[in-house]
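Student: Got a sequence here, can you build the structure:
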Amino acid sequence: MADPRIVWNRRAFREIRRLESVKQELYNYAKKGANAAGDGFVSRASDRPTRARAAVIAATIRARRADARDHILMGRVIDAMKS
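Tutor: Have a look, this model is predicted:
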């Protein structure tokens, strides 16, 4: 007896990654992270050819220094986005 075979619909995966609702959900996570990080950190969302993306960025010099010293993006921001 043959094992069942899974055939993935790759076009559907590409379409899902580009949905506006997915972009909005990613942006909401990034906003939570930026709020947890504090002043000088901002969230941004964009469409790329293959998928929607969102990020938390240290936008000011003070924020960059604070991140370099305290690792805010790898600590507080990720913890806030997990919850």
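
Student: contacting residues around the residue nearest to the spatial centre of the chain?
Tutor: Geometric centre of the chain, nearest residue: Ala54, 4.1 Å, by Cα atoms, centre = their mean. Counting by Cβ atoms under 8 Å, 6 or more residues apart in numbering, Ala54 makes contact with 23, 26-27, 29-30, 43-46. Placement of C-beta: from N, CA and C, glycine included.

Student: repeat that for 6 Å
Tutor: Shown in contact with Ala54 (Cβ atoms under 6 Å, 6 or more residues apart in numbering): 26-27, 30, 45.

Student: Which ones among those residues lie within strands?
Tutor: Those of those mapping onto strands are Ala45, per DSSP state E.

Student: got the contacts of Ala54 as JSON lines, with pLDDT columns?
Tutor: Shown next, in JSON lines, are the contacts of Ala54 (pLDDT from 0 to 100):
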{"residue": "Leu26", "pLDDT": "95"}
{"residue": "Tyr27", "pLDDT": "96"}
{"residue": "Ala30", "pLDDT": "96"}
{"residue": "Ala45", "pLDDT": "93"}
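
Student: Could I get the phi/psi values of the closest residue to Glu20 other than its chain neighbours?
Tutor: In this structure, Glu20 finds its nearest non-sequential neighbour in Ala52, 8.0 Å apart by Cβ to Cβ, 6 or more residues apart in numbering. For Ala52, the backbone dihedrals (degrees, to the nearest 10) come out as phi -80, psi 150.

Student: if I read this right, Ala52 contacts Ser21, doesn't it?
Tutor: No: at 9.4 Å, Ala52 does not count as touching Ser21 under the criterion of Cβ atoms under 6 Å.

Student: Look at these two and report which has more neighbours.
Tutor: Ranked by neighbour count (other Cβ atoms under 10 Å), Ala52 and Ser21 place Ala52 first, with 20 against 9.

Student: any idea how far the more buried one is from Ile61?
Tutor: 29 Å (Cβ to Cβ, to the nearest Å).

Student: Thanks again, I'm all set now.
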